[in-house]
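Peer 1: The sequence and its predicted three-dimensional model are supplied below.
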Amino acid sequence: MFSPFADRHDAGRQLAERVVALPEGPAPIVLGLPRGGVPVAWEIAQTLEAPLDVWLVRKLGLPWNPEVAMGAIAEGGVCYRDDAMIRALRLSEDDVQAVIEAETTELERRRRRYRGEVPAPPLEGRQVILVDDGLATGATLEAAVAAVRQARPAWLVVAVPVAAPEALARLATRVDTLVCLHQPRQFAAVGQWYRHFDQTSDEEVLRLLGR
């Protein structure tokens, strides 16, 4: 199967060529979704000579299959739920809340690890470029976009190397600019479009953030 990206850094360099061609916005900041979005975002931040930070978000996976998202949570108190899926699968509210609590605990752990006591970066009036390594169901980026919107940026760009067309279409109505390099019709998972898709570690995230 054709894989357009060698790894996340390669995807970030290719994506940066498109992002750098966008009209200049006020005080740009690049936000990577940890962990896999951070290496992609790092390449874009280097090209733009813009600051890099993270925006914390966690997928709400199904109890029996954590890789399939029924929603997501993001810092700022945002919780996005795919209620149609939850009803169709007859998940109880207790089941959903158990997943939310577990992922909230992990989000808080990552906040302490990546930021310590430093608050989230101020976004009001800035051009925010929100980056992930791919878009499958779109749940995590839906939550991240809603949370970033609360911080009142002047312009919100979402940039991803590859995306499922249906998820991309839903997200397009929620952002100011959407940049995506590949929208394959046959889309099973983000990792299938990378030749190397090893899990990004906390240590790599901290190194790329310079912390």
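Peer 2: Done, it's in. Residues are numbered from 1 along each chain as shown.

Peer 1: how about residue 149, what does it touch?
Peer 2: 156, 174 (Cβ atoms under 8 Å, 6 or more residues apart in numbering). Yep, even glycine has a C-beta here, placed from its N, CA and C like the rest.

Peer 1: Buried ones in the helix or strand harbouring it, by neighbour count?
Peer 2: Assigned by DSSP states H and E, residue 149 belongs to helix 139-150. Buried residues in helix 139-150, counted by 16 or more other Cβ atoms under 10 Å: 139, 140, 141, 142, 143, 144, 145, 146, 147, 148, 149.

Peer 1: okay, the third one: pLDDT?
Peer 2: What that stands for is residue 141. Note on residue 141: pLDDT of 94.

Peer 1: That one and residue 168 touch, don't they?
Peer 2: No - at 9.7 Å, residue 141 and residue 168 do not qualify as touching, with contact defined as Cβ atoms under 8 Å.

Peer 1: Give the rounded mean pLDDT of the helix ranked longest in the chain.
Peer 2: Longest helix in the chain, counting residues (DSSP state H): helix 93-115. Regarding helix 93-115, the rounded mean pLDDT is 95.

Peer 1: Just the mean pLDDT for stretch 34-50, thanks.
Peer 2: In this model, stretch 34-50 has an average pLDDT of 97.

Peer 1: How about that stretch, which residues are buried there?
Peer 2: For stretch 34-50, the neighbour count (16+ other Cβ under 10 Å) marks 34-45, 47-48, 50 as buried.

Peer 1: which residues of the chain fall in helices?
Peer 2: 8-19, 37-48, 83-88, 93-115, 139-150, 165-172, 202-209.

Peer 1: longest strand in this protein, by residue count?
Peer 2: What stands out as the longest strand in the chain, according to DSSP state E, is strand 65-74.

Peer 1: Output the helix holding residue 149 in PDB with nothing but the alpha carbons.
Peer 2: Taking Å, rounded to 0.1, in the frame of the first residue of the first chain, the C-alpha atoms of helix 139-150 are listed here in PDB:
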ATOM      1  CA  ALA A 139     -13.300  13.200  17.800                       C
ATOM      2  CA  THR A 140     -10.000  14.500  19.300                       C
ATOM      3  CA  LEU A 141      -9.800  17.400  16.900                       C
ATOM      4  CA  GLU A 142     -13.500  18.200  17.400                       C
ATOM      5  CA  ALA A 143     -12.800  18.600  21.200                       C
ATOM      6  CA  ALA A 144      -9.600  20.500  20.700                       C
ATOM      7  CA  VAL A 145     -11.200  23.000  18.300                       C
ATOM      8  CA  ALA A 146     -14.000  23.600  20.700                       C
ATOM      9  CA  ALA A 147     -11.600  24.200  23.500                       C
ATOM     10  CA  VAL A 148      -9.300  26.500  21.500                       C
ATOM     11  CA  ARG A 149     -12.300  28.500  20.300                       C
ATOM     12  CA  GLN A 150     -13.100  29.300  24.000                       C
END
